[in-house]
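*Asks:* Starting from these lines, generate the structure:
(chains A and B)
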Amino acid sequence: MKRSIAFVVLLMMPCLLRAGEIPATGRRSGYSFMAPDTRAMQDDDTANPGMLWVMEGESLWAKQDGASEKACADCHGDARESMRGVAARYPAFDQVLGRPVDLEQAINLSRTRHQQASPLAHESRELLALEAYIAEQSRGMPIAAGADPQLAPFVDKGRELFMTREGQLNLSCANCHDDNWDKRLAGSAITQGQPTGYPLYRLEWQSLGSLQRRLRGCVTGVRAQAFEFGSPEMVELELYLMTRAAGMPIESPAVRP
Amino acid sequence: MAKALINVPAKARRGDVIEIKALTSHIMETGYRHTAAGEIVPRDIITSFTCRFNGAELFRADFFPAIAANPYLSFFMIANDSGKLDFEWIGDHGFSTTASASLSVVE
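*Replies:* Residues are numbered from 1 along each chain as shown, chains lettered A, B, ... in the order given. Here you go, the predicted model:
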């Protein structure tokens, strides 16, 4: 009897992780799939084009905007201190909206609520620059999003989206990024889809881009209708991905092929 | 607004071969792309890059539409004297960016 209980417990242990999910020790950043040339580009701050956006973000941080005539720095002070670790905690729960918001939305909420300025457009140079500057302050820090218990139902929704097959190709995110990340699709590594370096400079884009842009590209790739920028589903997916990458160091702004 | 990232070693020994890296922000629109409505997106590229050392031309490059956005250049010089490096990018629609860096040569 005792032996059979032990056997059942043993059988159940891997089930905590569920089939296909990547254990904490097996998590790999997209960086580790890259060629040495692309790695070198990310590692050298004077060769990493993402740093151009960081520089621009640094000047926007100190620039007055909106009816309040306040700059980010007037309330938050030196971003090197006040923004340290912030990107590692987003998406975070917004009490007023009653749902999680990602870093871009948090920047825009701060603009409308405190600066009385208009929100910046998704993927606009200014928004990406501010996001890159803030995210850069968390470089090397472990991802710690989703710890807030209020976020739990949203993490679950994001996980469900990640596991749901969709589109004409009838594929879920998990079909590639949990089950086949060690293989290649055409010439490219599939990777685990860990969001460690956003916003990041993608050579294919010739530009910096957000995690939402990347997700929309993937969803379109399976011939499904992509969620709109800033939609709740997008943020839930982002949130799930960040909890899935818990403990991995932030690389922003990363470079990817 | 700072638009360029320059990497020059601050110090070098006389006779050393040093690497100079210059990265600048530019969309490098080729002029061959069309909008969804079928109109050509006008060309907007950097056409020339010059690096001068103490006023004398050290390195020059002509750029063409096939060059990627945010172009990155790396080249070498022999550090014979201390001095100032001036970088200049010139492009379509009156685009112009400059940057500078100083090099000090020790024995």
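
*Asks:* Please make it C-alpha for all contacts and neighbour counts, starting now.
*Replies:* OK.

*Asks:* Output the below-cut-off pLDDT ranges for chain B.
*Replies:* Applying pLDDT under 70 to chain B flags residues B:1-2.

*Asks:* at contact distance from chain B, anything in the helix or strand hosting residue A:135?
*Replies:* Secondary structure assigned from DSSP states H and E places residue A:135 in helix A:125-136. No - taking C-alpha under 8 Å from any C-alpha of the partner chain as the criterion, helix A:125-136 and chain B are apart, separated by no less than 11.5 Å.

*Asks:* now the next helix or strand after that helix, how far from the chain's geometric center?
*Replies:* Using DSSP H and E, the helix or strand that follows helix A:125-136 in sequence is helix A:152-163. Remark: helix A:152-163 is offset 15 Å from the chain centroid, using C-alpha atoms, centre = their mean, to the nearest Å.

*Asks:* Put the alpha carbons of the next helix or strand after helix A:152-163 into CSV.
*Replies:* Remark: after helix A:152-163, the chain's next helix or strand is helix A:173-177, criterion DSSP H and E. Output in CSV follows, covering the C-alpha atoms of helix A:173-177 (Å, rounded to 0.1, in the frame of the first residue of the first chain):
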residue,chain,number,x,y,z
CYS,A,173,1.8,29.2,-28.9
ALA,A,174,2.6,26.1,-26.8
ASN,A,175,2.8,23.9,-29.9
CYS,A,176,6.0,25.6,-30.9
HIS,A,177,7.4,27.4,-27.8
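
*Asks:* next helix or strand past helix A:173-177?
*Replies:* Assigned by DSSP H and E, the successor of helix A:173-177 is strand A:184-185.

*Asks:* any idea whether residue A:96 is helix, strand or coil?
*Replies:* coil (DSSP: H, G, I helix; E, B strand; the rest coil).

*Asks:* Let me see the confidence value for it.
*Replies:* Residue A:96 is assigned a predicted lDDT (pLDDT) of 96.

*Asks:* Tell me, how many residues neighbour it?
*Replies:* 6 (other C-alpha atoms under 10 Å in any protein chain shown).

*Asks:* Would you mind listing the residues in contact with residue A:120?
*Replies:* Listed by C-alpha atoms under 8 Å, 6 or more residues apart in numbering or on different chains, the contact set of residue A:120 reads A:108, A:126, A:127.

*Asks:* One more: residue B:6?
*Replies:* Counting by C-alpha under 8 Å, 6+ apart, residue B:6 has contacts A:46, B:20, B:21, B:22, B:23, B:99, B:100, B:101.

*Asks:* Tabulate those residues (JSON lines), appending distance to residue A:192 and secondary structure.
*Replies:* Converted to JSON lines, the contacts of residue B:6 look like this (distance: C-alpha to C-alpha, whole Å; DSSP: H, G, I helix; E, B strand; the rest coil):
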{"residue": "A:46", "distance to residue A:192": "28", "secondary structure": "coil"}
{"residue": "B:20", "distance to residue A:192": "36", "secondary structure": "strand"}
{"residue": "B:21", "distance to residue A:192": "33", "secondary structure": "strand"}
{"residue": "B:22", "distance to residue A:192": "33", "secondary structure": "strand"}
{"residue": "B:23", "distance to residue A:192": "30", "secondary structure": "strand"}
{"residue": "B:99", "distance to residue A:192": "40", "secondary structure": "strand"}
{"residue": "B:100", "distance to residue A:192": "41", "secondary structure": "strand"}
{"residue": "B:101", "distance to residue A:192": "41", "secondary structure": "strand"}
